[in-house]
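Undergrad: just a sequence and a predicted model for now, questions to come.
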Amino acid sequence: MTIACSRRRFISRVAALGAACASAGRHAYALPTAPVAVARCRRYDFNLVKSTLFTMFDQLGGIPNLVKGKTVTIKVNVTGGMSAPIYTLSAVETVYTHPIVVLASASLFYDFGARRIVICESLYDLADGRTAFQKSGYDVAAFESTVPVVEWENTRNRGTGSGYGQMSVPGQPYLYSRFTLNHRYVNTDVMVSIPKMKNHQIAGVTLAMKNLFGITPSSLYSGVDQDEASLGNRVAVLHDGTIAAAGEEVFPVPSTLPGYRVPRAVVDIVSARPIDLSVIDGVVSMQGGEGVWQGTRVGLVAPGLFIAGRNSVCTDAVATAIMGYDPEAAEGAKPFYNGANMLALAALRGLGTNKLADIPVTGLSVAQARYSFLPVFKE
Amino acid sequence: MTRGTQGTEATEGTQGAFTSLVSLLSLLSLVSLVASVSALLPTLALADTLTFHGDYQRTGRFPAAGPVAPGVLWKFQAAGSIVASPVIGPDGTVYLAGTDGRLYALTPDGSKKWEFQAEESLFTTPSLDAWGRLYFGDLDGWFYSLYPDGSLRWKYRLAEGTDRRILGSPAVSPEGVSFVAAWNNQLYSISPDGGLLWQAALNGLPTGAPALDGLGNVYVACLDSSDAQLAVYKFTPISPTPVWTCREPLWNSSNRVIASPAIETDRNNLYIGTCTNTAGLVFALDLTDGQVVFRKSLPKGILSSPAIRDDGIVLVGCLDGKLYALDGQNGAERWVYETGAPYVFGSPAVDRQGNAYVGDSDGTVHAISRGGQRLWKLTSDANVESAPVVDGGRLYVTSFDSSLYVVGRNANRRWRERRR
């Protein structure tokens, strides 16, 4: 196993930590905040999506400088393998981050001067990234003709890397002190999370932060020991804590309840692997759950929205409010029926504020964009 | 008054031991009443709208004319989201439920009369009885009855268990008995004083509203995910044992039945829209025995509850963005109206002239003639997924921008108007 942490990453994280400390010193209770852009977009049309995102990135400011000359890693949400349609609409449209949204984002990053753009997901397939994405409904040829610097990585396990990299959780972790990850998530300059706007049975919502739950490789987080042929899920390790991730989990294990563990694992992951830009695909999606495995509990929605921001906690908080929920809601309250509020946990960690009043929102207001999702099934 | 985890809270003086006695008497009286009074009251007619989709047959057919010209008379901005359609009381009061748990009562000119705060979010259209009293359920299994002045008559907590959200408008019989479907896979019969009369197990999550026929029989639908079938149940008003259960294959185990059944008493048919994995299916069932009269395939799924015109034409919205007019006898297409939006989630409404009104996912409301031609359309900034309501020459439409729009003559132009 190799341990990799780029000098550039180290410097940027030290600088960020310094800025956060300085901020905390000035305002004892002030949490990091950043603008969140909200825009209407009702169709997965490339030109429409690209122009919408261009405007949003302009509203956020600084995106060209963020990506110019950099390696940009995009984590998308293609969860659960190719699944059945939702009310006759394909999973590509309703469950996954839509390929057009990823293509438009990557195209903009390329226009802004990104040196390399790597599209990543832990796909339910052992094939290489290009093949596995193609099988998941992504037109890889269209990507490659539009974005010549695009690369694909199936981060189910080690993938194209010679080994894994590690990223540590700064400060006091909730569950994990560090994570061992596919090299693409470690050796990058810019981390972009492009999730689908959905509910999650345990976490209440699955947005930019929860999207990173899937960066943990099956070989190490499904209860098998470095089995590169593993397609296993992360239930035994991350959800239930019945199998420890070797050397990484705090001891003693605080809880084996998924409602306790999953939100905290998400916050630990995002602490270790910060998100530089979040773009939430809320054009068409599903409510009541994150995948078709929730059966009849899920429904179809068409909010016709994008939500984007530099701070993932702020971005997720705004998206949560747009979905009709209180981003500060207590555990047990809607939509956090079956687990802790990971936004509140992230705020407690100092990653960003989940107080709507403290987040500048550009474009549409939360009230203008609101599209009430039914909450998940209460267990 | 104390709150229990199950059972009724009343604001009148007859609680405790009297509740069950009253419930029993109510049940006994219903047995005789249903056969006599209900037969004389095939439809309730005190108000033009009583519940979701107008009447308890859920026909979506309104006795009033709709607006001949588009324009917004007034708009009410709620504090939270509005997902459900409004209902209009016999005195013109507009009742509107919000996902923040507030139930609003508005005067006919849009001023707020009162608001009531429920325990949890409201995703359903309230229902009215013959006395103008309100009935509605929330996401946490509370079922409420209010007086027309907004004061609480009683509230009943559905049995403990897993999720017991109420997503469909209750059906309320002429005698004031409510039929409520909840996500604990149960259909409840609640007495006029808020006591449990009976409950019946369903094989799936009921999402649409139960419907009543002219004899007070109750119909409710769900997807039975265990065998991927549509399950439509018919109950008499007095028994939890189904008269019949129609089971038809849908070949999918995840797309629950969102739509409410619509009943055409003249033709003795029930219509409901559903989904397979690849297509929408409209079923027509015989009310007497539950046999399939026809099944009509549409290109995409159907979340929209059918509306039935006075000539038997069935209108249904589809996720291909179109409104279909089908022959009520055999399902043949009479016309297809293309909204231009990707999806039609909502249910159509029909006015006295047979003109149809439907919203789309682009936020546009379309007025469509009997022959399927556009009369006018109005576009808002947010999705229109609720069913429009026609009352007194006005169209009442809720939009995802937390607003109720009242469309009628001589109005200003807050929505973007596009004539044909």
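TA: Perfect, thanks for sending it.

Undergrad: contact partners for residue B:264?
TA: B:57, B:59, B:270, B:271, B:308, B:312, B:314, B:328 (C-beta atoms under 8 Å, 6 or more residues apart in numbering or on different chains). The way it works is simple: take the backbone N, C-alpha and C, and place the C-beta from them, glycine included.

Undergrad: right, and residue A:250 touches residue A:169 too?
TA: No. Shown here, residue A:250 and residue A:169 do not form a contact pair, counting by C-beta atoms under 8 Å, at 9.5 Å.

Undergrad: between these two, what contacts are shared?
TA: Common neighbours of residue A:250 and residue A:169 are listed as A:176, A:177 (criterion: C-beta under 8 Å, 6+ apart).

Undergrad: so which of the contacts of residue B:264 belong to strands?
TA: Among the contacts of residue B:264, the members falling in strands (DSSP state E) are B:270, B:271, B:308, B:314.

Undergrad: which of residue A:250 and residue A:169 has more neighbours?
TA: Neighbours were tallied for residue A:250 and for residue A:169 using other C-beta atoms under 10 Å in any protein chain shown; the higher tally belongs to residue A:169 (22 against 15).

Undergrad: phi, psi for residue A:269 please.
TA: Here the main-chain torsion angles of residue A:269 (degrees, to the nearest 10) amount to phi -60, psi -50.

Undergrad: what's the distance between it and residue B:384?
TA: Separation of residue A:269 from residue B:384 (C-beta to C-beta, to the nearest Å) stands at 39 Å.

Undergrad: now, of the contacts of residue B:264, which are buried?
TA: Neighbour-count burial within the contacts of residue B:264 applies to B:57, B:59, B:270, B:271, B:308, B:314, B:328; the criterion is 16 or more other C-beta atoms under 10 Å in any protein chain shown.

Undergrad: which of those residues sits closest to chain A?
TA: residue B:271 (18.5 Å; C-beta to the nearest C-beta).

Undergrad: what's the local residue count around the closest residue to the closest one other than its chain neighbours?
TA: Closest residue to residue B:271 in three dimensions, ignoring its sequence neighbours and counting by C-beta to C-beta, 6 or more residues apart in numbering or on different chains: residue B:306, at 4.4 Å. A count of neighbours around residue B:306, defined by other C-beta under 10 Å, yields 31.

Undergrad: just residue A:115 next, same as before
TA: By the measure other C-beta under 10 Å, the count of residues near residue A:115 is 14.

Undergrad: elements contacting the helix or strand harbouring residue A:280?
TA: Counting by DSSP states H and E, the element that carries residue A:280 is strand A:277-282. Counting contacts by 3 or more C-beta pairs under 8 Å, 6 or more residues apart in numbering or on different chains; DSSP states H and E, strand A:277-282 packs against helix A:99-111, strand A:190-194, strand A:305-309, helix A:312-322.

Undergrad: TSV for the ones you listed, including mean neighbour count, distance to residue B:141 and mean pLDDT?
TA: As requested, the helices and strands packed on strand A:277-282 are arranged in TSV below (neighbours: other C-beta atoms under 10 Å in any protein chain shown; distance: least, C-beta to C-beta, whole Å; pLDDT from 0 to 100):
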stretch	mean neighbour count	distance to residue B:141	mean pLDDT
helix A:99-111	23	37	98
strand A:190-194	25	36	98
strand A:305-309	29	30	98
helix A:312-322	30	24	98
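
Undergrad: is it true that residue A:128 touches residue A:154?
TA: Yes. With contact taken as C-beta under 8 Å, residue A:128 and residue A:154 are classed as touching, separated by 6.2 Å.

Undergrad: what ranges does the chain have for its helices?
TA: In the absence of a named chain, chain A is used. Chain-ordered helices for chain A, with DSSP state H as the definition, fall at A:7-26, A:46-60, A:63-67, A:91-94, A:99-111, A:129-135, A:140-146, A:183-186, A:218-221, A:258-272, A:312-322, A:342-349, A:366-369.

Undergrad: if you could check chain B rather than the one you did, that'd help
TA: Secondary structure of chain B, counting by DSSP H: helices at B:17-33, B:39-40.

Undergrad: which of those comes out lowest on mean pLDDT?
TA: Within these, the least confident segment by mean pLDDT turns out to be helix B:39-40, at a mean of 39.

Undergrad: isn't residue A:349 up against residue A:269?
TA: No. The pair residue A:349 and residue A:269 does not pass the contact test of C-beta under 8 Å, sitting 11.5 Å apart.

Undergrad: more neighbours: the two, which one.
TA: Shown here are residue A:349 and residue A:269; by other C-beta under 10 Å, residue A:269 has more neighbours (27 against 22).

Undergrad: where does the chain have low pLDDT?
TA: Answering for chain A, as no chain was given. A:1-29, A:81-82, A:246-247 (pLDDT under 70).

Undergrad: wrong one, I was asking about chain B
TA: B:1-47, B:410-420.

Undergrad: tell me the centre residue of it?
TA: In chain B, the C-alpha nearest the mean C-alpha coordinate belongs to residue B:52, at 2.8 Å (C-alpha atoms, centre = their mean).

Undergrad: which residues sit in contact with that one?
TA: With contacts defined as C-beta under 8 Å, 6+ apart, residue B:52 is in contact with B:58, B:84-85, B:87, B:124-125, B:127, B:168-169, B:209, B:260, B:305, B:387.

Undergrad: go on, residue B:168?
TA: B:52, B:124, B:180, B:181, B:206, B:207, B:208, B:209, B:210, B:260.

Undergrad: with residue B:318 instead?
TA: For residue B:318, the contact set (C-beta under 8 Å, 6+ apart) comprises B:280, B:298, B:299, B:300, B:301, B:302, B:304, B:324, B:344.

Undergrad: going through those, which ones are buried?
TA: Among the contacts of residue B:318, those classed as buried by neighbour count (16+ other C-beta under 10 Å) are B:280, B:298, B:300, B:301, B:302, B:304, B:324, B:344.

Undergrad: taking those residues, tell me the two that lie furthest apart.
TA: Every pair in those was compared (C-beta to C-beta); the two farthest apart turn out to be B:301 and B:324, at 12.8 Å.

Undergrad: ok, how many other residues are close to residue 377?
TA: Let's take chain A. Neighbour count of residue A:377, defined by other C-beta under 10 Å: 21.

Undergrad: my bad, the chain I had in mind was chain B
TA: One way to gauge burial is a neighbour count; for residue B:377, by other C-beta under 10 Å, it gives 23.

Undergrad: repeat for the one 4 residues further on
TA: One way to gauge burial is a neighbour count; for residue B:381, by other C-beta under 10 Å, it gives 17.

Undergrad: now residue B:323: how far from residue A:167?
TA: 53 Å.

Undergrad: and those two? which has more neighbours close in?
TA: Neighbours of residue B:323 and residue A:167, each counted by other C-beta under 10 Å, are more numerous for residue B:323; the result is 25 against 22.

Undergrad: and the more buried one, what does it touch?
TA: Contacts of residue B:323 were listed using C-beta under 8 Å, 6+ apart, and they are B:315, B:316, B:317, B:336, B:337, B:339, B:344, B:348, B:356, B:358, B:366, B:368.

Undergrad: ok, those vs chain A, which is closest?
TA: Closest to chain A out of the contacts of residue B:323 is residue B:344 (10.4 Å), distances taken as C-beta to the nearest C-beta.

Undergrad: now the closest one: closest residue in space, sequence neighbours ignored.
TA: Beyond its immediate neighbours in the sequence, the residue positioned closest to residue B:344 (C-beta to C-beta, 6+ apart) is residue B:317, lying 3.4 Å away.

Undergrad: before we move on, what about residue B:316?
TA: Residue nearest to residue B:316 in three dimensions, not counting chain neighbours: residue B:306, with 4.6 Å by C-beta to C-beta, 6+ apart.
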